[in-house]
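J.: Mind folding the following:
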Amino acid sequence: MRSRSSIGCGNRKTNNQINCNMEKTMNKVIPINSIAFLWESQARQYPKNGTGITYFKGEFEDNTWVDCLLYYGYDNKLHGILNHYPCEIPPYQKAGSVNIQIRPDRRRKGIATALLDEAIKRFNINLEIQEYTPDGEKFIKKYKRSSRIYKIAHR
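T.: You can find the predicted model right below:
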């Protein structure tokens, strides 16, 4: 079985487009906010090699874009992705939504925290309006309690 993960919900327009608010999976209908996309399907959209946390602007044909923060490890390989949607991309994302994906073998190593800290510094992010997967909800609760950057930004 392949690993799946997503902190937020939704997807950019890619080969795994979702054309409605529900996706049929293994004869079950699953609400879109509980869908998690495969790491491999997300990671292939971005440069494979880099250093540190870098910015990538994902542009669409209609002059909309996604702000992407990419986390590259010491091996210069992509280990994490944070997508921030500054404008609405119907029906996929609401303006201000965020999603985070971490490579399955690199989880619980502070990558999501580092990406979210950087995103809070760069973008106007409201964690209260986000939709979360069950894993994402656990992460955000812990993040809000422990992140110095979050606490400074929300005084």
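
J.: the strands in this protein, which residues?
T.: Along the chain, the segments classed as strands by DSSP state E run 22-25, 28-31, 52-59, 65-72, 78-84, 98-102.

J.: ok, and for the third one, which residues are buried?
T.: Buried residues in strand 52-59, counted by 16 or more other C-beta atoms under 10 Å: 53, 58. Where you see a C-beta, it was placed from the backbone N, CA and C, and this is true even at glycine.

J.: Show me what that strand pairs with in its sheet, parallel or antiparallel.
T.: When sheet partners are counted by DSSP bridges, strand 52-59 sits next to strand 65-72 (antiparallel).

J.: any chance you could map the helices in the protein?
T.: Along the chain, counting by DSSP state H, helices occupy 39-43, 111-122, 134-146, 148-153.

J.: Show me what the last one is packed against.
T.: If I follow you right, that is helix 148-153. Contact analysis of helix 148-153 by 3 or more C-beta pairs under 8 Å, 6 or more residues apart in numbering; DSSP states H and E lists helix 111-122 as its packing neighbours.

J.: export the helix it packs on as CSV, just CAs?
T.: Presented in CSV, the C-alpha positions along helix 111-122 are these (Å, rounded to 0.1, in the frame of the first residue of the first chain):
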residue,chain,number,x,y,z
ILE,A,111,9.5,19.5,8.5
ALA,A,112,5.8,20.4,8.7
THR,A,113,6.6,22.8,11.6
ALA,A,114,9.4,24.4,9.7
LEU,A,115,7.2,24.9,6.6
LEU,A,116,4.3,26.3,8.6
ASP,A,117,6.5,28.6,10.6
GLU,A,118,8.0,30.0,7.3
ALA,A,119,4.5,30.3,5.8
ILE,A,120,3.2,32.3,8.8
LYS,A,121,6.1,34.7,8.3
ARG,A,122,5.5,35.1,4.6
